[in-house]
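Colleague: With the input below, show me the fold.
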Amino acid sequence: MRYVAPAREAVDASVFASPPLSQWSQYLAWLCDAAWPDVDALNARWPVQARERFVAQTRALLDDGLHYEARIAQTGHIATRESNWHDLFNALIWLRYPQVKRALNAQQVAQIAIMGPKQRSRPQCALTHFDEAGAIVIVRDRSLMSLWDSHDWHGLFWRERRAWEDGRIEAAVFGHALLEHALTAGKLLVAKALVFQGDAGSTMVQAVQACALAIGEGRVLRDPLELRPLPLSGIPGWHRDNTQERFHHHAACYQPLRAGRTYPVATPLTVA
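Modeller: Numbering: from 1, shown residues only. So this is what the prediction gives:
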């Protein structure tokens, strides 16, 4: 069933006090004020050197006949529906992670050139899944990967609960649809993750840079099956019920590993 976000005035304000939405506090007025931000307000947050601009999605804009991704590549114009949660969160992702969004756009345009505008390749599906529901994850403790590989969710989120608090594993939400879903209090969230293997000195900034480079070079997101499910609702503080062990045995966001399912190894993250 297609998710329908609550009306702006109906959003429970508590959702902005816990992850993932609490991680976007610099945009809190845009999320909480009675009035929606317009494209001028969004554009005011771009660095002066940025090529892209948000443009209201109107009939006149769409009459240019360009594909959404091609328009961005050719003109820098990001078609944005006003007064719309999905497109507002997409704008926030562009502003925080422009290098990753540009890499995704370049790969999408390359695939459209091969497939045409009406068919989708496996790489296009992977790119879209990550764009909508992605997370960038650093694992600084290799032992956690075996738990994740086997979908040992009780192990990854309960027995190793401290790992999420002491920095041995860290996740940053990239998918704008995930942020939109988080508007519903208590909703169980599952991301589609790209994973980077680091050490104690590696940072999320480095992981984001590595992610953009890997996407841009076509080394990742060639197939949707590359993406690892990550039940975000298991992370401490991300769901109101996950302080109880029973949550980690029975929560619907935890799915068993399908027979024969494997995942790529984490991409090594080199610390400069």
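
Colleague: what ranges do the helices span in the stretch 1-150 of the chain?
Modeller: 28-32, 39-43, 59-62, 68-75, 85-96, 98-115, 122-133, 143-149 (DSSP state H, counting those that start in this stretch).

Colleague: Serialize these to a markdown table and add fields for mean pLDDT and mean neighbour count.
Modeller: For the C-beta atoms, the positions are set from N, CA and C on the backbone; glycine is no exception. As requested, the helices of the stretch 1-150 of the chain are exported to a markdown table (pLDDT from 0 to 100; neighbours: other CB atoms under 10 Å):
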| stretch | mean pLDDT | mean neighbour count |
| --- | --- | --- |
| helix 28-32 | 96 | 15 |
| helix 39-43 | 98 | 16 |
| helix 59-62 | 96 | 10 |
| helix 68-75 | 98 | 17 |
| helix 85-96 | 98 | 21 |
| helix 98-115 | 97 | 18 |
| helix 122-133 | 98 | 20 |
| helix 143-149 | 98 | 16 |
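
Colleague: In TSV: those helices, plus distance to Pro268.
Modeller: As requested, the helices of the stretch 1-150 of the chain are exported to TSV (distance: least, CB to CB, whole Å):
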stretch	distance to Pro268
helix 28-32	36
helix 39-43	36
helix 59-62	42
helix 68-75	30
helix 85-96	24
helix 98-115	18
helix 122-133	19
helix 143-149	12
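
Colleague: got any ranges where this structure has weak pLDDT?
Modeller: For the chain, applying pLDDT under 70 flags the ranges 271-272.

Colleague: for it, what's the longest strand?
Modeller: Determined from DSSP state E, the single longest strand within the chain is strand 190-197.

Colleague: Direction included, what does that one pair up with?
Modeller: strand 134-139 (parallel), strand 228-231 (antiparallel), strand 267-268 (parallel) (DSSP bridges).

Colleague: Of these, which stretch is the most buried?
Modeller: For those, the largest average neighbour count (mean count of other CB atoms under 10 Å) is found in strand 134-139, namely a mean of 24.

Colleague: can you list contacts of that one?
Modeller: By CB atoms under 8 Å, 6 or more residues apart in numbering, the residues outside strand 134-139 that reach it are 100, 145, 148, 168-175, 178, 191-198, 202-204, 207-208, 211, 227-228, 230, 232, 266, 269.

Colleague: What subset of those is buried?
Modeller: For those, a burial check counting by 16 or more other CB atoms under 10 Å picks out 100, 145, 148, 168-175, 178, 191-198, 202, 204, 207-208, 211, 227-228, 230, 232, 266, 269.
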